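Engineer: Just a sequence and a predicted model for now, questions to come.
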Amino acid sequence: MCGIVGIFHKGHGGTRTGPVGDVLVTMCQDLHRRGPDSTGFAVYGVADDASLVVRVDIDRPDSAHAAELVAIAAEQLVVVKDWQGAGRSVRLHVASDGDGKLADWIEERVPGARVFSVGHAMEIVKDVGSAFEVDAVHGVRGMTGTHGIGHTRMATESRVDIAHSHPFWARPFPDIAVVHNGTITNYHQLRRRLEMRGHRFSTQNDSEVIAVYVADRLQRGEPLEEALRASVSDLDGTFAYLISTDRGVGLARDQFATKPLLYAEDDDMVVLSSEEVALRRVFPDPALVPRELAAKEVRWWLN
């Protein structure tokens, strides 16, 4: 079933920030019954063009030692400004992504390491368990930002682990991530087409192809609006998804409109969710009525 949420602060050239992490955690917890297996978040701060944040998960028993190995490996390709390890998670500040090669570079040199995100503004945090449980480990509530997306996952076609949790990073494009509710039935066809264009996938999850599909079109110069509209035609199945970039968020719903997706907005922010109960956490005023996305409808908000 799965639940998806998002928040976007409007205006001020992308510099207006707020307690994005707290909002996303609270909303995802309200949707926990829709996805009890894992929870994840992509949080965007004000972009720093001079550096990137890299989030790495380490699936091995000596995670503390492996965290240092990740930093050493990264330093062989790029300048590492600083890094911190906590449990099986490593967070690095780097000067560049080595022309898009950094994620592969780390994973090839440190067995068990998996890069979850690279971004000037974006950090992806995800883990098994509820939103409150993930926050207790990773401190998501304390993260402020301009916008973000979140997901509660019910595993249907792939295993329950951190790697298959949402959001999915659009590897190797910095700052692009997706959360998705539904099934992409032509996933294998789209994946082969994107692989022929040189893209690499980290999992067998069908949702990952959405992120790379949209990022590929953006790389070719299409505006987000056109990429969203094209996806409604090119993606087969039943789906609702949110895509986030360093500039904002977009959303799309399939031609059957079977997967719920609502949004509400005022002059300051936009909030998105699979269910109204989560929206009301942010917009309790009954005068502000959420709107459900229509079949084949797309919308976007950018700074």
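Structural biologist: Great, that's in hand.
Engineer: Just the buried residues of stretch 182-200, please?
Structural biologist: Neighbour-count burial for stretch 182-200, counted by 16 or more other Cβ atoms under 10 Å, picks out 182, 183, 184, 187, 190, 191, 194, 199. (Each C-beta comes from the backbone N, C-alpha and C, glycine too.)
Engineer: Filter the residues you listed down to just the ones in strands.
Structural biologist: 182, 183, 184 (DSSP state E).
Engineer: and the last one, what pLDDT?
Structural biologist: Yep, that's residue 184 we're talking about. At residue 184, the model reports a pLDDT of 95.
Engineer: Return the distance of residue 18 relative to residue 184.
Structural biologist: Applying Cβ to Cβ, to the nearest Å, the value for residue 18 to residue 184 is 32 Å.
Engineer: ok, now which ones touch the nearest residue to residue 20 once chain neighbours are set aside?
Structural biologist: Excluding the flanking residues, the one nearest residue 20 by Cβ to Cβ, 6 or more residues apart in numbering is residue 145, at 4.0 Å. Applying Cβ atoms under 8 Å, 6 or more residues apart in numbering, we find residue 145 in contact with 17, 18, 20, 21, 43, 44, 45, 46, 121.
Engineer: Which of these are buried? Put it as a PyMOL command.
Structural biologist: Here is the PyMOL command that selects only those of the contacts of residue 145 that count as buried (16+ other Cβ under 10 Å):
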select buried, resi 18+20+21+43+44+45+46+121
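Engineer: Can you list which of the contacts of residue 145 are found in strands?
Structural biologist: 43, 44.
Engineer: can you put the contacts of residue 145 in TSV and add distance to residue 91 and pLDDT?
Structural biologist: Below are those laid out as TSV (distance: Cβ to Cβ, whole Å; pLDDT from 0 to 100):
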residue	distance to residue 91	pLDDT
17	19	95
18	22	96
20	17	98
21	14	98
43	12	98
44	15	98
45	13	96
46	17	93
121	14	97
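Engineer: Just put the contacts of residue 145 in TSV and tack on distance to residue 258.
Structural biologist: Formatted as TSV, these follow (distance: Cβ to Cβ, whole Å):
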residue	distance to residue 258
17	35
18	32
20	29
21	30
43	29
44	29
45	35
46	37
121	33
